[in-house]
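S.K.: I'd like to go over a predicted model; first the sequence, then the structure.
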Amino acid sequence: MIGKLTGAWGGSDNGLGLVEVGGVGYAVRVPFYTLVTAPGTPVSLYIHTAVREDAIDLYGFATSEELSFFRQLTSVSGVGPKTALGVLNVSDIKSLKRSIALGDAGALTKVFGIGKKSAERIVVELRDKLSLEQSQRPDDIGATSGHDGEVIEALVSLGYRADESRAALRAIGTEGQDNIKERLGAALKQLGSK
């Protein structure tokens, strides 16, 4: 399996990018914005290898975050690599993740081949994962205190959604802020009172 290709960009042909490594040109499916790379420019791509009965396809991404999000998308039932790549072509990753975390399926229906039901399936299957990821980033709006990521993770493992867990933490304010167990207990009381 190929994990990363580093070489010279050989141009694009029929939506495939060509990465020349040691005299061999690898045809790689990449997001549209990568296709505009100038031929001869050095390029390094993280690779996802998709093996089918009749082909072995390589999908390339400039960052490991893009590759990780691509793999999250392909983990959704009914979403294959080509569809996942189409989702990445709609918008930047941060906006896509935020839309899914907020439950906005409309952003995904712009992708060819994704209807309303498929978009809703993606949102349902990835919303909690991405909400938890968004809550653990200190640079995002609405980020919570240092222990809150662990509290949210515990609440999600107990069956609560990430968005309702964050709402409970906001409702309790700074109660138990210095102790994870106290903060978790206060959040559970808040969730239980609804």
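M.R.: Arrived safely.
S.K.: output the contacting helices and strands for the helix or strand hosting V19.
M.R.: V19 belongs to strand 16-21 when assigned by DSSP states H and E. Contacts defined by 3 or more CB pairs under 8 Å, 6 or more residues apart in numbering; DSSP states H and E place strand 16-21 against strand 4-13, strand 24-29. The C-beta positions use only the backbone N, C-alpha and C, and glycine is treated the same way.
S.K.: tell me the angle it makes with strand 4-13.
M.R.: Angle between the axes of strand 16-21 and strand 4-13 is 130 degrees (criterion: axes from the mean of the first three to the mean of the last three CA atoms, to 10 degrees).
S.K.: which residues touch strand 16-21?
M.R.: 5-12, 25-30, 34-35, 37, 43, 45, 60 (CB atoms under 8 Å, 6 or more residues apart in numbering).
S.K.: what sits against Y160?
M.R.: Contacts of Y160 by CB under 8 Å, 6+ apart are A168, L191.
S.K.: same thing with L108?
M.R.: So L108 contacts V87, V90, L96, S99, I100, I114, S118, A119, I122, V123 (CB under 8 Å, 6+ apart).
S.K.: what secondary structure does it sit in?
M.R.: helix (DSSP: H, G, I helix; E, B strand; the rest coil).
S.K.: mind checking how far it is from L88?
M.R.: To L88, L108 is 11 Å away according to CB to CB, to the nearest Å.
S.K.: shared neighbours, the two?
M.R.: Common neighbours of L108 and L88 (CB under 8 Å, 6+ apart) are L96.
S.K.: Provide the secondary structure category for the spatially most central residue of the chain.
M.R.: For the chain, the residue nearest the mean C-alpha position is F69 (2.9 Å; CA atoms, centre = their mean). Using three-state DSSP, the structure places F69 in helix.
S.K.: that one against D92, yeah?
M.R.: No: counting by CB atoms under 8 Å, F69 stays clear of D92, with 10.6 Å between them.
S.K.: elements contacting the lowest-mean-pLDDT helix or strand in the chain?
M.R.: Here the helix or strand of the chain ranked lowest by mean pLDDT, DSSP states H and E is helix 148-157, holding a mean of 75. Under the contact criterion of 3+ CB pairs under 8 Å, 6+ apart, helix 148-157 touches helix 116-135, helix 162-172, helix 180-192.
S.K.: now those as JSON lines including mean pLDDT?
M.R.: What follows is those, written out as JSON lines (pLDDT from 0 to 100):
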{"stretch": "helix 116-135", "mean pLDDT": "80"}
{"stretch": "helix 162-172", "mean pLDDT": "79"}
{"stretch": "helix 180-192", "mean pLDDT": "84"}
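S.K.: on that earlier part again, now the residue nearest to the centre of the chain, nearest residue through space, not along the chain?
M.R.: Excluding the flanking residues, the one nearest F69 by CB to CB, 6 or more residues apart in numbering is I93, at 5.3 Å.
S.K.: just checking, that neighbour touches S68?
M.R.: No: with contact defined as CB under 8 Å, I93 does not reach S68; the gap is 9.3 Å.
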